[in-house]
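In: sequence first, predicted model second:
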Amino acid sequence: MRLIARLAWLLIGLWLVTAASAAASPAFGDWSAVVVAGDWHAHSGGPSEAFDNARRDVTQAFELAGFAPANLRQFSVRPERYPGVALTKSEPQAIYDALADLTAKATGGCLIYFSSHGAPQGVVVDQRFLPPGVLANMLDTTCGKRPTVVIISACFSGVFVPALAGPNRMVLTAARPDRSSFGCGEADKYPYFDQCVLESMPHVGDFSALAATVQGCVAAREIREGMKPPSEPQLYIGPALRAMLPLYSLAASPPLRN
């Protein structure tokens, strides 16, 4: 009887260790992620750090939310400007190559984040447009049917929703297909949308809640600043992913830097 009791306690102990280990494992530890700053110009044509500031701090926020640094790549139009940071030049082929490399080893899901200018043709990536259809093909080839979250902070970025929509995908954009977004001036630290992402992350549990909070934050900021017409950030969540998103918990994220 004592032997049976000891074996029972041993099994319980092993189960508790396994459960604790699983609970401690970040939900996004085996996800692939790319964060792209696609331009360095303000809407005036002058220089702006807004997109690279967003790239830097969004990356930090996602790492603290559980994304593994080894599975995350950052892209900048001017990587040489940021010594000491592992950056790749922002180019469509380089983004695709990184996704192909990352998804071969981190198979849990995909996160793609762009901060840049945009137009009805697509999002700007180093003076070229990355069209919705091309990005859709990239994701079909690399991320496939894995859970995939795409966030695009750019004017007119709603044009990406129809091309990227799928049962396993969430697409959050900074604006409607026919609207501008705001906050790309020379003196802006972040575009409005990116700032709302950073402000909202410490207070939400998952990506679905993040999207709703960001939409409200952007609307309030535009009213406060008198920006018209409103950008109206767009959200699509595929039916297969909708029920899964609450299982992917965003861990405590850092408060926004001042």
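Out: That came in fine, so what should we check first? Numbers count the residues shown, from 1 in each chain.
In: so where is the stretch 101-250 of the chain shaky, pLDDT-wise?
Out: Applying pLDDT under 70 to the stretch 101-250 of the chain flags no residue at all.
In: in it, which spans are helices?
Out: Remark: helices assigned in the stretch 101-250 of the chain by DSSP state H, counting those that start in this stretch are 132-142, 160-164, 192-200, 207-225, 239-242.
In: tell me the gap between the first one and the middle of its chain.
Out: By that I understand helix 132-142. Relative to the chain's own centre, helix 132-142 is displaced by 16 Å; criterion: CA atoms, centre = their mean, to the nearest Å.
In: would you mark the buried spots in that helix?
Out: By 16 or more other CB atoms under 10 Å, the buried positions in helix 132-142 come out as Pro132, Leu135, Ala136, Met138, Leu139, Thr142. Bear in mind the C-beta positions are built from the backbone N, C-alpha and C, glycine included.
In: TSV for those, including distance to Gln60?
Out: Converted to TSV, the buried residues of helix 132-142 look like this (distance: CB to CB, whole Å):
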residue	distance to Gln60
Pro132	28
Leu135	24
Ala136	28
Met138	25
Leu139	24
Thr142	24
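In: OK, contacts around Val204?
Out: Leu210, Thr213, Leu250 (CB atoms under 8 Å, 6 or more residues apart in numbering).
In: all strands in the stretch 51-200 of the chain, in order from the N-terminus.
Out: 72-76, 87-89, 109-115, 118-119, 122-124, 129-130, 148-153, 169-173 (DSSP state E, counting those that start in this stretch).
In: which one of these lies closest to Tyr236?
Out: Closest approach to Tyr236 among the strands of the stretch 51-200 of the chain is made by strand 169-173 (4.5 Å; CB to CB).
In: adjacent strands (with direction) for that closest one?
Out: Strand 169-173 pairs in its sheet with strand 148-153 (parallel), strand 234-237 (antiparallel), by DSSP bridges.
In: return the most buried member of these.
Out: Neighbour counts (mean count of other CB atoms under 10 Å) averaged over each of these peak at strand 148-153, with a mean of 28.
In: give me the residues contacting it.
Out: 54, 109-116, 118, 123, 135, 139, 160, 164, 166, 168-174, 181, 191, 193-194, 197, 207, 241.
In: export the helices of the stretch 101-250 of the chain to a markdown table and tack on distance to His41?
Out: A markdown table is the format used below for the helices of the stretch 101-250 of the chain (distance: least, CB to CB, whole Å):
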| stretch | distance to His41 |
| --- | --- |
| helix 132-142 | 21 |
| helix 160-164 | 21 |
| helix 192-200 | 16 |
| helix 207-225 | 21 |
| helix 239-242 | 34 |
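In: which among those helices is found nearest to Ala61?
Out: helix 192-200 (6.0 Å).
In: what angle separates the closest one from strand 148-153?
Out: 120 degrees (axes from the mean of the first three to the mean of the last three CA atoms, to 10 degrees).
In: from the middle of its chain, how far away would helix 192-200 be?
Out: 11 Å.
In: other SSEs contacting that helix?
Out: Helices and strands touching helix 192-200, by 3 or more CB pairs under 8 Å, 6 or more residues apart in numbering; DSSP states H and E, are helix 50-64, strand 148-153, helix 207-225.
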